[in-house]
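# What follows is a predicted structure for the sequence shown.
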Amino acid sequence: MSHFLKVKDQLVAEFEFNEFNSAIRFVNQIAELAEREHHHPDIDIRYTKVTVKLSTHDAGNVATEKDYSLAEKIETLFS
Ligand SMILES: C[C@H](O)[C@H](O)[C@H]1CNC2=NC(N)=NC(=O)C2=N1
């Protein structure tokens, strides 16, 4: 079960944590993944809530196969 939903042209997910440090660790893992994949999400951190938005800028900010693939991998980092 994925947290990601298609909102307009983007894949958007909210991840909730028990504490700020866990949210930051998760974001750092996403950052490493993004560098490996050469694909970079928009990330918003609000205390224990992390919002991840995926779209392909080079394709005009729409969700492409790269975004669906990254969404799956981000999901495995959370579980
Ligand atoms: C050259 C480089 O791979 C591209 O500019 C990448 C980098 N990361 C990227 N990330 C996202 N989300 N969309 C892109 O189009 C994109 N382009």
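Yes, it's here.
# Next up, the contacts around the residue nearest the centre of the chain.
Central residue of the chain (CA atoms, centre = their mean): Val52, 3.7 Å from the mean position. By CB atoms under 8 Å, 6 or more residues apart in numbering, Val52 lies in contact with Phe4, Val12, Ala13, Phe15, Ile30, Pro41, Asp42, Ile43, Ile74. Every residue, glycine included, has its C-beta placed from N, CA and C.
# now it, what's its secondary structure?
Classification of Val52 using DSSP: H, G, I helix; E, B strand; the rest coil returns strand.
# next SSE after the host helix or strand of Glu14?
Element membership for Glu14, per DSSP states H and E: strand 10-16. Remark: after strand 10-16, the chain's next helix or strand is helix 20-37, criterion DSSP H and E.
# and that following helix, what does it pack onto?
Helices and strands touching helix 20-37, as assessed by 3 or more CB pairs under 8 Å, 6 or more residues apart in numbering; DSSP states H and E, comprise strand 42-46, strand 49-54, helix 65-78.
# Deepest-packed of these, please.
Of the helices and strands packed on helix 20-37, the one with the most neighbours on average (mean count of other CB atoms under 10 Å) is strand 49-54, at a mean of 19.
# Give the pairing partners of that one; include direction for each.
Using DSSP bridges, the strands paired with strand 49-54 in its sheet are strand 10-16 (antiparallel), strand 42-46 (antiparallel).
# closest to Asp67 out of these?
strand 10-16 (5.2 Å; CB to CB).
# near the ligand, anything from that closest one?
No: using CB under 6 Å from any ligand atom, strand 10-16 never reaches the ligand; the gap is at least 9.8 Å.
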